[in-house]
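J.: quick check, what structure comes out for this input:
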Amino acid sequence: MIKRNIISDLQDWSKRKKRKPLVLRGARQVGKSTLVDEFGLNFEIYLKLNLEEPEHIQLFETYKNMDALLIGIYLVNEAERKDVPTLLFIDEIQNSPQAVSLLRYFYEKTPWLYVIAAGSLLERQISFPVGRVEYLAVHPCSFNEFLGAMGNSELQKAQRAGEIPESIHPTVINLFNQYALVGGMPEAVADYAENKDILALGKIFDALLSGYKDDTEKYAPTGNMRHILRHILRTGWGYAAQRIKFERFGDSDYRSREVGEAFRLLEKAMLLEMVYPYSGYKVPVMQELKRSPKLLWLDTGIVNYVAEIQKEVFNVKDIADAWRGKVAEHIVGQELLSGKINFSAKRNFWVRNIHGSDAEIDFIIQHDSQVIPVEVKSGHNSKLRSLHMFMDEVDHQTAIRIWSGKYSVDKVTTPKGKIFNLYNVPYYYAGILEVLIDKWKIL
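T.: Take a look at the predicted model:
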């Protein structure tokens, strides 16, 4: 079992006095059920319902009275009811609208019961009681969790604190390259940690893709939408970390409106994110939805497999040299989201708002009152042309480059004469940039 960092957020939730039922959001097979099973070890009584089981669904259709329902839940779990803190996990809750509507009564009438629910494509099908539930996003494993799965617990602690010794930089970069190849899907990470066989992961990825296809097609509103979803799930991986247009996407004859609807359905399933650009320089960062988005899938390991670039990624020393740098950009984007528990968290990138300009920065992050640029690039500072343009316009001196080199700080002067600090950050710190920025402000 991979120890997930989000377990601490579940513990924080359980300690709150005004605790509401918690709904876990995340793509199928991202580890939601295993996470709750691990969390359940903290309780004397752990009750679990899977609403793919007819017997469990029947409970909510038969018992409208909360006391009778609880008796039924204890009975199917073969558990004795005691006056002790008890965890109830309702998995695949989307299969029972009655179960969803009863969440509010768990909150109001059973404060001693800790209730967690999970499922797929939740908001596509049902509406949760407003103000009666909380949400927590679950993403694929981060590099930090990958280190733990690989048995590197001390290195895991050092990475989380941003204190990896410079002397072992090559070792950690090699581990990050492995992570970029495998990705963060828990089953794939666990299998690779045990067997170190990248080719064996093909069966796992095929099963994941088959499940995603079945899930999304099941809830497609029309037959034509099912065809478009199949097309995106077949061809879209090859557009990872690239800007896309909906009209005739993937050399198809599908029109913009219907392709956009299909992408939004896949986004709701948390299989991908359409990352829209921002052309400003100040907070708040507002996505410009009329511009073409950048496509980021939930997991780089799946991208490598479906796009058939595993061999290319395996053979490079610097992942920036693989697939025109898109693998490096995609895995950094994955790391930027990995620690976010807020379901509404989005990634952003920047484009220059001048007609004919191709200036673009891979990512921007909003930290306090600053918009900080993040480039995923190797090479000489003078080649960071877009970064220079951006830094000329902002009122701070902090820019970040993610690369395979060691951590360092350069004083860079733009062609217009502005001096700024370029923090060269190794790939393995991409998931803790907020921690590093806070450290830089203290220094």
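J.: model confidence for residue 343, exactly?
T.: Looking at residue 343, its pLDDT reads 84.
J.: before we move on, what about residue 219?
T.: As predicted, residue 219 sits at a pLDDT of 77.
J.: and residue 90, by the same measure?
T.: At residue 90, the model reports a pLDDT of 97.
J.: just the element for it, please.
T.: Secondary-structure assignment from DSSP states H and E places residue 90 in strand 86-91.
J.: quick check: next helix or strand after that strand?
T.: Using DSSP H and E, the helix or strand that follows strand 86-91 towards the C-terminus is helix 97-109.
J.: check the offset of that next one from the chain's centre.
T.: Going by Cα atoms, centre = their mean, to the nearest Å, the spacing between the C-alpha centre of helix 97-109 and its chain's C-alpha centre is 28 Å.
J.: in contact with the closest residue in space to residue 143 that isn't next to it in sequence, which residues?
T.: Distances taken as Cβ to Cβ, 6 or more residues apart in numbering place residue 179 nearest to residue 143, at 5.0 Å, with adjacent residues excluded. All C-beta atoms are positioned from the backbone trio N, CA, C, and that covers glycine. Residue 179 makes contact with 143, 146, 331 under the criterion Cβ atoms under 8 Å, 6 or more residues apart in numbering.
J.: surely residue 179 forms part of a helix?
T.: Yes. The assignment for residue 179, made by DSSP: H, G, I helix; E, B strand; the rest coil, places it in a helix.
J.: about what we covered before: quick one: the strand holding residue 90 to helix 97-109, angle?
T.: Note on geometry: by axes from the mean of the first three to the mean of the last three Cα atoms, to 10 degrees, strand 86-91 and helix 97-109 are set 160 degrees apart in direction.
J.: who's in contact with strand 86-91?
T.: Contacts of strand 86-91 from elsewhere in the structure, counted by Cβ under 8 Å, 6+ apart, are 32-33, 36-37, 39-40, 42-52, 73, 99, 106, 112-119.
J.: could you do stretch 350-359 as well?
T.: For stretch 350-359, with Cβ under 8 Å, 6+ apart as the criterion, the contacting residues are 277-280, 291, 360-361, 364, 371, 373, 385-386, 389-390.
J.: hmm, try it at 10 Å
T.: Outside stretch 350-359, the residues that touch it by Cβ atoms under 10 Å, 6 or more residues apart in numbering are 243, 276-281, 285, 288, 291-292, 294, 360-364, 371, 373-374, 385-390, 393.
J.: buried ones among the residues you listed?
T.: Neighbour counting by 16 or more other Cβ atoms under 10 Å classes 243, 276-278, 281, 294, 361-364, 371, 373-374, 386-390 among the contacts of stretch 350-359 as buried.
J.: quick one on the thing from earlier: show me which of the contacts of strand 86-91 are buried.
T.: 32-33, 36, 39-40, 45-49, 51, 73, 99, 106, 113-119.
J.: and residue 204, how many neighbours?
T.: Taking other Cβ atoms under 10 Å as the criterion, the count of residues near residue 204 is 21.
J.: can you report phi and psi for it?
T.: Backbone torsions for residue 204, taken as degrees, to the nearest 10, come to phi -70, psi -50.
J.: cool, and the one 5 residues further on?
T.: Main-chain dihedrals, residue 209, degrees, to the nearest 10: phi -60, psi -40.
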